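Undergrad: Sharing a model prediction with you, sequence too.
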There are 2 protein chains.
Amino acid sequence: MTGSRAGDYRILHEAALRDYLAGVPNLAAVLGGAPASWVITEVGDGNLNLVFIVKGAGGGVAVKQALPYVRLVGESWPLPLSRAHYEYLALSRQAHLAPGLVPALLHHNEPLALTVMELLEPHIIMRKGLVAGTHYPRFVSDVTNFMARTLFFTSDLALSAAEKKEGIAAFAGNHALCKITEDLIFTDPYRVAVQNHWTVPYLNTFAASLRADMELHVAVSRLKLKFMASPEALLHGDLHTGSIMVTEGQTRVIDPEFAFYGPMGFDVGAVLANLLMAYFASAGHERSPGERRAFEGWVLETVEQVWSEFAQKFLDLWRTDAKGDAYPATLFAGEKGAARLEAERQAYIQRLFGDAVGFAGAKINRRIFGLAHNIDFELIEDPRRRAISEARAVRLARAMLVETTTFQTIADVTGAARGLRDWMPEFSN
Amino acid sequence: MTGSRAGDYRILHEAALRDYLAGVPNLAAVLGGAPASWVITEVGDGNLNLVFIVKGAGGGVAVKQALPYVRLVGESWPLPLSRAHYEYLALSRQAHLAPGLVPALLHHNEPLALTVMELLEPHIIMRKGLVAGTHYPRFVSDVTNFMARTLFFTSDLALSAAEKKEGIAAFAGNHALCKITEDLIFTDPYRVAVQNHWTVPYLNTFAASLRADMELHVAVSRLKLKFMASPEALLHGDLHTGSIMVTEGQTRVIDPEFAFYGPMGFDVGAVLANLLMAYFASAGHERSPGERRAFEGWVLETVEQVWSEFAQKFLDLWRTDAKGDAYPATLFAGEKGAARLEAERQAYIQRLFGDAVGFAGAKINRRIFGLAHNIDFELIEDPRRRAISEARAVRLARAMLVETTTFQTIADVTGAARGLRDWMPEFSN
């Protein structure tokens, strides 16, 4: 699927993109009609890349091209084009492991750092739907299938140690994208950093406390080390609700350019954190008190089900598809062995739950004090109301990070969130 | 340092080796005199390779060539020649990080899987000295320098995440050697495996209990997973007393062909385990009761000092040379930050201690029930006396594996060893 020679990268704006697509027969066939008639729209609202939607008489495609810098910041922050390679690689593996849950790949051009995928229509970014208060009945089932299957089948439970090491090496070069996470999630929100911002003046004292809280710094540094040195499975690496496109009946996970081998709890925690933020933001979107109670109930129920269905599916795969080198079956033969291994599975998933809780806490803080915020909170126009929602999330996040072990079940998490729903922070400003 | 073309591997026996060395000017210069006068002796007593000592009028060299199979077993067990590449790579990095503690590299030929090093003379394999009851006063200082420096400087505490990932990828291809460890240390001793052997009939019930003990299987499987999926630092990977050459005044660590990025506790535990085995074997080498008490006292003191000096040196490096991405200094500024980080260092090293204790237990069991035994025990001629020494070691190993957390300090380990010095196992046979 790779055309062109290395070294001839160029940014394809509309006219050049039209010519390019016209020259790729399978894409021209999908689009149909004369290339001059294709409607090309730049829609990238992410932080890093150019994204075009192209529509022709016969159909549409989505085109994603990496820029040699961070789009959100500009040319002053260079970022390697190789991320398109890793995204393509991850998407290919995810398509194999979790069929139907990622967009179909139509074309990839390595030197151009360009990937063409099926156009997801009428899907929208899930985060937008959550802001609007929409329920997604398929989401739990789909996202837990995606996570359980992509994480389990790339882990030592499913792979030989040699296959696993090959996988780790294949993604090791994606370190510039990992570095963004290491800095923006695990470091900058906890120190003075020029790119940090938050809802002023209300959260000023909260931001200062984040910078001064050494228990928090230890907790987040432990998670950072785990992120850097625990290649448990191939992660999506950026699995927030802005990386998920949905209709009521379909779910597609997109944008795995942060993919690498890391700790499973990071992906699971990302989903939990973004649902929890949607929950806390919801009060800020109310036009009348209690208006969104049903939605909020659905979100917390979804948090609970995401964890419990993920855990169930992951453990089921372990019971049926454990072809990896970890926990070899020959060491757990017989009834006694089976019982002891099952107890160990529960201990394993409980440890993973703790990781997910901690990572979720880190994911919340970065969206409130770091560089990249999310529309869940940002679209709350009144800054005081926004800050109230954010402060509730931040209080839960600290507990998840510092008192992780007090959350033994997912109900402990949703219970704590529910308990903070109407908590009124004291703003000194 | 690489000559020849890929694909022209051949085994260099004496005549071919002489011609080869004569053709490498710097080696011919070291050896001196006419090539025909060089004395070539095959001395490989390891399990995998050919090793020659070559002496000329001017000096000597050691030549190590990998065979395409496991020497101990034969051609039925193929093993990639690439291990010579990884050994060379590891040796180069160790020479840089721990100068004077590994043999000097003189020549490497990648296609021939051949490495020429300085001849270590009059050094002997440390294990042989331990069997003879020799004290090594330099050992603690040297081996703890080696471990602290090679482990710290290849960890996330000293490297950027990008450098660390590059290191992991550079060694990822050495998985065939890792697989040997995974099978022979973490799996086979705990199940029926044709290569297992032990001191029959005395240890038959112990071997059976190893195969039936599910708590042990869980403990060893957790360690196996940690071995496979925790690339904390560049390990030597086989750091037993047969991989260390000593005089009373010098220590050289050799044979890092099992090198890869793994959990630090594996290297540290290997040293501790092999000292503990020397301790338990000692009673079997007595010609009169109590004859080796002073040696045994030195061994246990050495166990204590290996841990405490390693921990001290590792923590000191962290205090002075923490240039890595983990635990960034900006998050621990000021007096409060410094104090909290110091507490975290202690927690980190305590966790590493637990790993070392567990891995040491696994290392002991494999030498008593697995494929590769050691002369500490094997040279005890009387099988009953040998089995008594082995049973004491095995009892400690089980505690170290299953009740790891009861060993909070290294004195807990040596105390337990001392308590088993005169324990008499009951043999049903």
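TA: That came through fine. Because the structure is predicted, anything quoted here is derived from the model rather than measured.
Undergrad: So what's the residue count around residue A:231?
TA: 28 (other CB atoms under 10 Å in any protein chain shown). Glycine gets a C-beta too; all of them are placed from N, C-alpha and C.
Undergrad: so it sits right up against residue B:225, yeah?
TA: No. Residue A:231 is beyond contact range of residue B:225, at 11.8 Å (criterion: CB atoms under 8 Å).
Undergrad: distance of residue A:378 from chain B?
TA: Residue A:378 is 26 Å from chain B, where distance means CB to the nearest CB, to the nearest Å.
Undergrad: which ones are touching the residue nearest to that residue when sequence neighbours are not counted?
TA: Ranked by CB to CB, 6 or more residues apart in numbering or on different chains and with sequence neighbours excluded, the top spatial neighbour of residue A:378 is residue A:386, at 7.7 Å. Applying CB atoms under 8 Å, 6 or more residues apart in numbering or on different chains to residue A:386 gives the contacts A:199, A:284, A:377-378, A:380.
Undergrad: just residue A:259 next, same as before
TA: Each residue near residue A:259 by CB under 8 Å, 6+ apart is listed here: A:86-87, A:89-90, A:171, A:174, A:234-237.
Undergrad: What sits closest to it if chain neighbours are left out?
TA: Nearest residue to residue A:259, sequence neighbours excluded (CB to CB, 6+ apart): residue A:90, at 3.4 Å.
Undergrad: Does the one you found touch residue A:236 like I think?
TA: Yes. Using CB under 8 Å, residue A:90 is in contact with residue A:236, at 7.2 Å.
Undergrad: any common contacting residues for the two?
TA: Residues touching both residue A:90 and residue A:236 comprise A:256, A:259, with contact defined as CB under 8 Å, 6+ apart.
Undergrad: how much space between residue A:59 and chain B?
TA: Residue A:59 is 40 Å from chain B, by CB to the nearest CB.
Undergrad: Kindly report the same for residue A:142.
TA: From residue A:142 to chain B the distance is 27 Å (CB to the nearest CB).
Undergrad: in whatever helix or strand that residue lives in, what's buried?
TA: Assessed by DSSP states H and E, residue A:142 sits inside helix A:139-152. Going by neighbour count (16 or more other CB atoms under 10 Å in any protein chain shown), the buried part of helix A:139-152 is A:139-140, A:142-152.
Undergrad: How about the helix ranked longest in chain A, which residues are buried there?
TA: Longest helix of chain A, by residue count under DSSP state H: helix A:334-369. Neighbour-count burial for helix A:334-369 flags A:337, A:340-341, A:344-345, A:348-349, A:352-353, A:355-369 (criterion: 16+ other CB under 10 Å).
Undergrad: so whichever residue of the stretch 1-150 of chain A sits closest to chain B, which of the three states?
TA: In the stretch 1-150 of chain A, no residue comes nearer to chain B than residue A:80, which is 10.9 Å away by CB to the nearest CB. Classification of residue A:80 using DSSP: H, G, I helix; E, B strand; the rest coil returns coil.
Undergrad: So it sits against residue A:176, correct?
TA: Yes. Using CB under 8 Å, residue A:80 makes contact with residue A:176 at a distance of 5.1 Å.
Undergrad: Tell me the residues of the stretch 101-250 of chain A that contact chain B?
TA: For the stretch 101-250 of chain A, the contact set with chain B under CB under 8 Å from any CB of the partner chain comprises A:156, A:161-162, A:164-166, A:168-169, A:172-173, A:175-176, A:178-179, A:182, A:187, A:190-191, A:214-215, A:217-218, A:220-221, A:224-225, A:228-232.
Undergrad: circling back: could you pull up the contacting residues of the residue nearest to residue A:259?
TA: A:171, A:234, A:236, A:256-257, A:259.
Undergrad: Out of the residues you listed, which sit inside strands?
TA: Taking DSSP state E as the definition of strands, the contacts of residue A:90 contribute residue A:234.
Undergrad: Just the contacts of residue A:90: which are in helices?
TA: residue A:171.
Undergrad: Save the contacts of residue A:90 as CSV, and put in pLDDT too.
TA: CSV is the format used below for those (pLDDT from 0 to 100):
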residue, pLDDT
A:171, 98
A:234, 98
A:236, 98
A:256, 97
A:257, 97
A:259, 98
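Undergrad: Which two among the contacts of residue A:90 are spaced furthest apart?
TA: Pairwise distances across the contacts of residue A:90 (CB to CB) peak at 13.1 Å, for the pair A:234 and A:257.
Undergrad: So for chain A, the centremost residue is which one?
TA: Residue closest to the average C-alpha location in chain A (CA atoms, centre = their mean): residue A:239, at 1.1 Å.
Undergrad: my guess is that one meets residue A:270, correct?
TA: Yes. Using CB under 8 Å, residue A:239 is in contact with residue A:270, at 4.2 Å.
Undergrad: Could you list every helix and strand that the longest helix of chain A packs against?
TA: helix A:204-212, helix A:214-229, helix A:264-285, helix A:293-321, helix A:375-378, helix A:383-402, helix A:410-420, helix B:214-229 (3 or more CB pairs under 8 Å, 6 or more residues apart in numbering or on different chains; DSSP states H and E).
Undergrad: Excluding covalently adjacent residues, which one is nearest to the closest residue to chain B within the stretch 301-429 of chain A?
TA: Closest approach between the stretch 301-429 of chain A and chain B, counting by CB to the nearest CB: residue A:340, at 3.9 Å. Excluding the flanking residues, the one nearest residue A:340 by CB to CB, 6+ apart is residue B:214, at 3.9 Å.
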